[in-house]
Structure formats: structure tokens, C-alpha cells
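J.: only geometry, no sequence info:
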């Protein structure tokens, strides 16, 4: 399951998730002795709801995806993906190396019929609740037909996970007028207009947080830049605010009084509640947790996997893809 | 000078700027009667430091840049750019249509020798003060050699405006490892490494706000997405915070006590203090104010123009360009 903090995060997160979801069963894949030591007496408590599977290797956070794929067939990551393929598990959750996880997932699970490349989709808080955005970094230089596939996958995901019969879709651009943007975005816009998607046209970066649309589609380079920019700005604002409240005795007192309000505000934008990006477009469910996830955040990633299993996201994408891709004028 | 609020913003901003800068002289280009009415008795106060130039046309905010360029030769925007070309003014400041301003500036002023396309550079607050980022939206699908030109222009700008002898340059990417990113970014990285720039390699979106480098280089699509994402997130956070402090009597009281601290914090990230993006790479200085700028923000854009004039930015780019472009091994 990996991540920057290893078992000190994943084990308590798994135990917490098992406590909260009586239906949940987990297989922890890794060095079984280390996992066993960490779990201790909790093992008995959950019976066969918590199993341990031995993995002799680990994929490093900086390892080249292709090398990991070729050389580490017994890594915890690979075995966890294999378990999904074999039907032993309904989803795989990992906080490890994103590139290696994606390469392994594509290689083992394969993409769904009609999908050329899987995408990474994330949930982002907005004024109206949240939006789903994809791709967040799996695909750079995506041509227009891939952006259409992202839009369709995002739309079907939101339809089931958020019980939203007709999710609105926006295409990320640098202006809302027709003449704005690059050729790929203009072509993708035409494809989306001709499809059965509830396509709302272009949106700009600031519209991510207004929640004007339910699904935001973009190339992985832009999605990643946007996401990381947001992470950086949120941290910057938090640090500045802390500094201002910490500058003298008076401001520290003001801070004490304002703490409950500020904490409530922080919880609203706490990225841990949005942890767990889904790889969509595969024959199986794979959820990527942030590498730096803490216990709460990793539990959220497990929860994201549970939601996808309950809502049979890959199966629904498989069934509804062709219908959404088609234009209104074409036969079903 | 345009913008969403027209003369109700630009006139008080000009008067404020004239008061603060005894060296400053301004030509207001627009419908002279309207300007005259707004200025009133202030006209006499500044003597020939405040002149008015009649313009019979105006470029609309949504007008297509090429049409504006062809059909509106007597627009205030075009006449203001012409004044720079003729040497009547040392800089042009506008809050109008970005595309039309860029098209007009390129057509009239032309790019500097060795520069193929001008870029839009903006100043962004960071933990260590501020960073300069370009391009923010003038060029989409920029090839690697353009990214190198942006890097060189940004570096020379910061050298003079911030008195920084060797500004550090980072290239925006979706990871810091060599294998990350698209082909253009990889190629640009090679060019920058081979140049005399103080090139620090790749940075990710979150590094914008840590201030790890002085100049951030990116394609205009990504720069614009990043900038707009930041604007959206900052507004989202402000609104959420206001809502939390406004939720009941207790939180409102906490808000009252925290107000001075929160206001000081807000001033630190107030985008108005960062208004005024420069078009670099032209034979002349052109500053673009945000369309929604208020008086303080527009005055800041004028101030940005003053800084560029004082530091002779275009002239310095012209002189130092070739030297920075060259690799360390090549003769000067």
C-alpha cells in the first residue's frame, strides 16, 4: 500500500475502515510479518474480514514505472492489482508510486472496450459541494478523442457515485469564447457538442471552485498543474494565516477566539477528505491515495474504493460508454 | 484604458498615481469630453503632467482581436500604443481586451530582435515575497525555443526590476524527475540547461507559492490555467471563511475580534497589489491591467509601468538576450 509513511498509516487506516464498514473485507498486501506485528491483536477482532498476503518486493516512490512493471512481479503493488484481476479483491488501493501503479494497472487489468487510455479523476471541493476533474496527470498531450473519452467516463462516474442523472460537463480552457484555446481543445469541444453528454462548453480555471459544472475535463498536464497550484496556494494561505495570528499577544488571543471557526473552515477545505483519486477506464477499480496521506486521508481513499465497488463504476462505464459517445442524431 | 468600470476607475487611479509620483506624466486616451468631465478641476492641478488625447472609438471587451486591429485605427487602445511607438509616451497601460491589446502591440511596436512572440508576465505573491511567471496566456502550444525566450525575458526583467543579479529560473512541469512531462517541456529543459540562465530545472504547480525560484516559465495555456485556478481558489476560501464567521452570534463576535488579523492577511494576498501584467518582448512597454481592476489595482498597474520605464526593461532585454541564450561553452 506504500506511501511516505508506510504501515504506520495504512494499518490504522485499514482498522478504522473495517470498524466503520461492517461489509468491508480487506487484504493487506506487503511484508506479512511487518503487517502482522503492526496489527497485533486486532487481527482476531475482524476474523476473515482482514487477511494478509505476503509480498517479497516493494516498488520505490521514485522507481521508473516500466522497470517496476518488468522487474517487480512480486511487489505488493503488483500482487494487489493481480488480486483484482483474479477476482479475489473488488478494488485495489495504494499510496505508492503513481506511474508504477498506473502502468501495472493498465498492463494487468487492461482498458475497457472503447477506452484507449485510463485517466486519473479526483474530487475537488467547490462552493456547491464538489466537482470531479480528469485527467489529473496520467496522460500528457491528450488528443481530442481522448478528452471525449475522459468526459464520458467522468460523466458516468458522477452519474452513479453522486446519483446525478445528467452530470454537466465543462472543458477546461483559457477563455470561454469559441476562438480561445488550442486546436485540441477546439476539436474536443466539437466532439463533445456532437455527443449525448450534457456538455456546457468551456470553463476557465476559476470555475473549478464555483462548481458551475459537475465534471471538468482537461489534459493531464493541465489537470496536474491546476491541482498542484491549488495545493500550493492552500498551503501558502494556511501558513500566512498562522503567521498573522502568531505575530503578537493580541493576535494570538484573537486567534484563540477564532480557532473554532477557523478549524471548521479548514475542515471544509481539508484535502484529506478529498483523498483517493480513481483510475477510470480499466477493467477493475484502482484508487490512488496521496503519498503523504495520513490515517484519515488513507481511510478516505479506502472509502472511495468502497463507493466505486458499490456503484459498479467500471461495469457502468462499459455498458453506457457507446450511448454517451454517440451524437443525438445517430441511432442508438 | 477601458476595463469593466471605465473612467470611474481609471480617472481616480491616474490622479492618485500623479499625486504619488512627482516625475510621472500621463496622457489619458479616450473620449476627451467624458474624461474632461470626470477630471474636473484636477486638470489644472497637474498642469502638463496630465494630458488628454481624443479617441473616437473603443475596442469592446469581447471583440475579436484581429477585427479590432483592422477596423479600429482610432480606438483609444490603438492610439495609446501608437503614442509609445512615436515616443510621445514611454509606456501604455490598459485594462481593455487582452487579445486586442496584444495584437495591436505586436503589430505597431514589433517584437525585439531575437524574440519571436511576446509573452505576458505576472507577479505572484509567494512565501519568500513574489515570483514572476510567464507566459500567462498570450501563446498556446509554445514550442521549446519559445519557452527558452520566455525564460530569458523573465530573467532579464527580474534582474532589473528586482535588482537580482542572477534570477533563478524553474520550468513548470508535472513532476521533477527527468522522465516526467511532455516532449516540449523536456526539449525546453535541455535548451535552458545549455544556456547561461540560472536554470534550476523542473518545478511543480505547488512551488509557485513557496518561492523556490524567481522566474517560472510555462506555456500560456498552463500559465493561464494556473493563474485562474489560483484566483478561483482564493475567492472560494474568502467566501467560505466569511460564511463560517457569519454563521451565528458567537462566530460573528469571534470574527470581529479576528478582523484586524484577517485583514492584514488579506492584504498580503490581495491580488490588487499584484495587478499589472507586462507584455515582454516588444519594442516598448505595455502593461495589461485586470479588466475588473478597482482604483487601487489600476494605480498598481500604472506603477508597474513606471518600474519598467525606470529599469528600461525592453532595452535591457535587447542588449542581454543573445548573451543569456548562449550556452556556457560558446563564445560571447
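T.: In hand now; what should we look at? The structure displayed is predicted, hence computed values, not measured ones.

J.: all strands of chain A, in order?
T.: A:26-30, A:50-54, A:91-94, A:119-126, A:129-134, A:168-172, A:198-203, A:215-217, A:277-280, A:285-288 (DSSP state E).

J.: for the ones you listed, give me CSV that also has distance to residue B:219.
T.: C-beta coordinates here come from the backbone N, C-alpha and C atoms, glycine included. Putting the strands of chain A into CSV (distance: least, C-beta to C-beta, whole Å) gives the following:
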stretch, distance to residue B:219
strand A:26-30, 40
strand A:50-54, 44
strand A:91-94, 31
strand A:119-126, 21
strand A:129-134, 19
strand A:168-172, 14
strand A:198-203, 17
strand A:215-217, 19
strand A:277-280, 24
strand A:285-288, 26
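
J.: looking at those strands, which is buried most?
T.: Greatest average neighbour count among those goes to strand A:215-217 (a mean of 31), per mean count of other C-beta atoms under 10 Å in any protein chain shown.

J.: and the contacts of that strand?
T.: With contact meaning C-beta atoms under 8 Å, 6 or more residues apart in numbering or on different chains, strand A:215-217 is reached by A:131-134, A:147, A:150-151, A:154-155, A:158, A:167-172, A:188, A:192, A:203, A:207-208.

J.: can you give me the domain boundaries for chain A?
T.: Following automatic domain parsing, one finds the domains of chain A at A:7-109, A:119-272+A:319-325.

J.: excluding its backbone neighbours, what's nearest residue A:15?
T.: Spatial nearest neighbour of residue A:15, chain neighbours left out: residue A:42 (5.4 Å); criterion: C-beta to C-beta, 6 or more residues apart in numbering or on different chains.

J.: roughly how far does the one you found sit from chain B?
T.: For residue A:42, the distance to chain B (C-beta to the nearest C-beta, to the nearest Å) stands at 36 Å.

J.: now the stretch 1-150 of chain A against chain B: closest residue?
T.: Of all residues in the stretch 1-150 of chain A, the one sitting closest to chain B is residue A:140 (4.2 Å; C-beta to the nearest C-beta).

J.: isn't that residue right up against residue A:220?
T.: Yes - using C-beta atoms under 8 Å, residue A:140 is in contact with residue A:220, at 5.3 Å.

J.: shared neighbours, those two?
T.: By C-beta under 8 Å, 6+ apart, residue A:140 and residue A:220 have these common neighbours: residue B:174.

J.: between these two, who's got more neighbours?
T.: More neighbours surround residue A:220 than the other of residue A:140 and residue A:220, with 23 against 20 (other C-beta atoms under 10 Å in any protein chain shown).

J.: and the more buried one, how close does it get to residue A:96?
T.: To residue A:96, residue A:220 is 19 Å away according to C-beta to C-beta, to the nearest Å.

J.: next: residue A:129.
T.: Taking C-beta to C-beta, one finds residue A:129 at 30 Å from residue A:96.

J.: re earlier: dump the domains of chain A into TSV; add mean pLDDT as well.
T.: Below are these laid out as TSV (pLDDT from 0 to 100):
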stretch	mean pLDDT
domain A:7-109	90
domain A:119-272+A:319-325	90
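
J.: in CSV: these, plus distance to residue B:260.
T.: CSV is the format used below for the domains of chain A (distance: least, C-beta to C-beta, whole Å):
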stretch, distance to residue B:260
domain A:7-109, 39
domain A:119-272+A:319-325, 7
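
J.: pick the most deeply packed of those domains.
T.: By mean neighbour count, with neighbours taken as mean count of other C-beta under 10 Å, domain A:119-272+A:319-325 ranks first of these at a mean of 20.

J.: from one end of that domain to the other, what's the distance?
T.: For domain A:119-272+A:319-325, the first-to-last residue distance is 17 Å (C-alpha to C-alpha, to the nearest Å).

J.: and what of stretch A:111-121?
T.: One end of stretch A:111-121 sits 15 Å from the other (C-alpha to C-alpha).

J.: confidence score at the most centrally placed residue in chain A?
T.: By C-alpha atoms, centre = their mean, chain A has its centre lying nearest to residue A:277, at 0.7 Å. Note on residue A:277: pLDDT of 94.

J.: ok, the closest residue in space to it that isn't next to it in sequence - contacts?
T.: Spatially, and ignoring its direct neighbours in sequence, residue A:277 is nearest to residue A:122 (4.4 Å; C-beta to C-beta, 6+ apart). Contacts for residue A:122 (C-beta under 8 Å, 6+ apart) come out as A:132-134, A:136, A:227, A:274, A:277-278.

J.: who does residue A:122 form a beta bridge with?
T.: In this structure, residue A:122 bridges to residue A:133 when assessed by DSSP bridges.

J.: tell me how far it lies from residue A:198.
T.: For residue A:122, the distance to residue A:198 - C-beta to C-beta - is 20 Å.
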